[in-house]
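Student: sequence and computational prediction follow.
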Amino acid sequence: METTTTTLTEPIIKEPRLLPGDFAIWFFIFSELLVFGIAFLSYAIVRVQNVEMFNQYQLTLNRELGAVNTLLLITASYFVVRAIHAIRLDDVKGCIKWLYAALGCGTGFLLLKSLEYYDKFSDGINLSTNTFYMFYLSLTMFHFLHVILGMIILFAIAIKAQRGGYSAQDHIGIETGASYWHMVDLVWIILFPLVYIIR
Amino acid sequence: MSKLYNIHTIWLAMLLLTLTTYAIGKLGYNGMAIIFLLIISTVIKAIFIIRDFMELRGVSLLWRVIMYGWLLIVCAGITIAYIISL
């Protein structure tokens, strides 16, 4: 694999290239995006028939936690990008540091989301409370599971990196995990305004 | 390409767009213009992720069409549904 010698302040990519990471992960990513896309459109379409109810119960969601969680996921993705830049420069320690920083952000996301769920479940809210909460809980919990899977992948990559499994010449595994993590971030980027903000 | 366009400024821009989205929600603004503003903000962040974080800039046109096509269909569908319900 070609070694990248660009610095972080230079344009990120200069040449045509193949999809980053293992080609197989992209079919998984496209499948996941298809499922989430259908779910988002379903939410929007069902809302058309229940506008008042969706607007009323949307106000019960904790926008602050939603916004902080968005900042955490964006920052986690940024840290993963830094990890890839580091390994391309053969900076294994830097790569590991950024991967654990991303995992820290992911952990923060899971904790805040759990707090949000605890708050809702304490109020007796569940999937059958109404259509809005059915969508809110199923969409965000489905995404929650993807965050957990993404973190397991990042953790496995960090462990392998600690054992010397990656270098500037061979880091396709990191790119594969990073692509999946960015997909998880991409989905939340749409989910946050859709469920918490737009009305 | 300007050196201001790099991974750090992209990250900061996404943080600012997120805070703007939150502020709009907090202030309770709504209406067609606000829907467009929020969707455009979301699309910009999504393009940053696809293009610069996922590094799809410069890959085969097929893959970019799939990714940006998905984004376009989802965001256009959401926009239309929300405008209908105004």
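Tutor: Everything's here; your move. Numbering: from 1, shown residues only, chains lettered A, B, ... in the order given.
Student: so residue B:40 versus residue B:7, what's the distance?
Tutor: As judged by CB to CB, to the nearest Å, residue B:40 and residue B:7 stand 22 Å apart. Quick note: C-beta positions are derived from backbone N, CA and C, even for glycine.
Student: quick one: which of these two has more around it?
Tutor: residue B:7 (20 against 13; other CB atoms under 10 Å in any protein chain shown).
Student: isn't that one up against residue A:83?
Tutor: No - counting by CB atoms under 8 Å, residue B:7 sits too far from residue A:83 to count as a contact (11.7 Å).
Student: so where's chain B shaky on pLDDT?
Tutor: B:1-2 (pLDDT under 70).
Student: apart from its neighbours in sequence, what residue is nearest the residue positioned nearest the centre of it?
Tutor: Centroid-nearest residue in chain B, with CA atoms, centre = their mean: residue B:43, separated by 1.8 Å. Spatial nearest neighbour of residue B:43, chain neighbours left out: residue B:75 (5.5 Å); criterion: CB to CB, 6 or more residues apart in numbering or on different chains.
Student: one more: residue A:113?
Tutor: residue A:144 (5.7 Å).
Student: how near is that neighbour to residue A:21?
Tutor: 23 Å.
Student: more neighbours: which of those two?
Tutor: A count of neighbours by other CB under 10 Å puts residue A:21 above the other of residue A:144 and residue A:21, at 22 against 17.
Student: ok, that one touching residue A:181?
Tutor: No - judged on CB under 8 Å, residue A:21 makes no contact with residue A:181 at a distance of 10.7 Å.
Student: please enumerate the helices of chain A.
Tutor: Assigned by DSSP state H, chain A shows helices spanning A:23-49, A:51-58, A:63-88, A:92-122, A:131-162, A:172-192.
Student: ok, chain B next?
Tutor: B:7-27, B:32-48, B:61-84.
Student: any idea how far the closest residue to residue B:17 other than its chain neighbours lies from residue B:35?
Tutor: If you skip the residues right next to it in sequence, residue B:17 has residue B:41 as its closest partner in space, 4.9 Å away by CB to CB, 6+ apart. For residue B:41, the distance to residue B:35 equals 11 Å [CB to CB].
Student: again, but for residue A:158
Tutor: Distance from residue A:158 to residue B:35, by CB to CB: 40 Å.
Student: ditto for residue B:86
Tutor: Distance, residue B:86 to residue B:35, using CB to CB: 8 Å.
Student: compare neighbour counts for these two and give me the winner.
Tutor: The neighbour count for residue B:86 versus residue B:35, taken as other CB under 10 Å, is higher for residue B:35 (20 against 10).
Student: circling back to that earlier point, wait, the residue nearest to the centre of chain B touches residue B:70, no?
Tutor: No - proximity of residue B:43 to residue B:70 does not meet the contact threshold set by CB under 8 Å, at 11.8 Å.
Student: returning to what we had before: of the helices of chain A, which approaches residue B:15 most closely?
Tutor: Closest of the helices of chain A to residue B:15 is helix A:63-88, at 5.9 Å (criterion: CB to CB).
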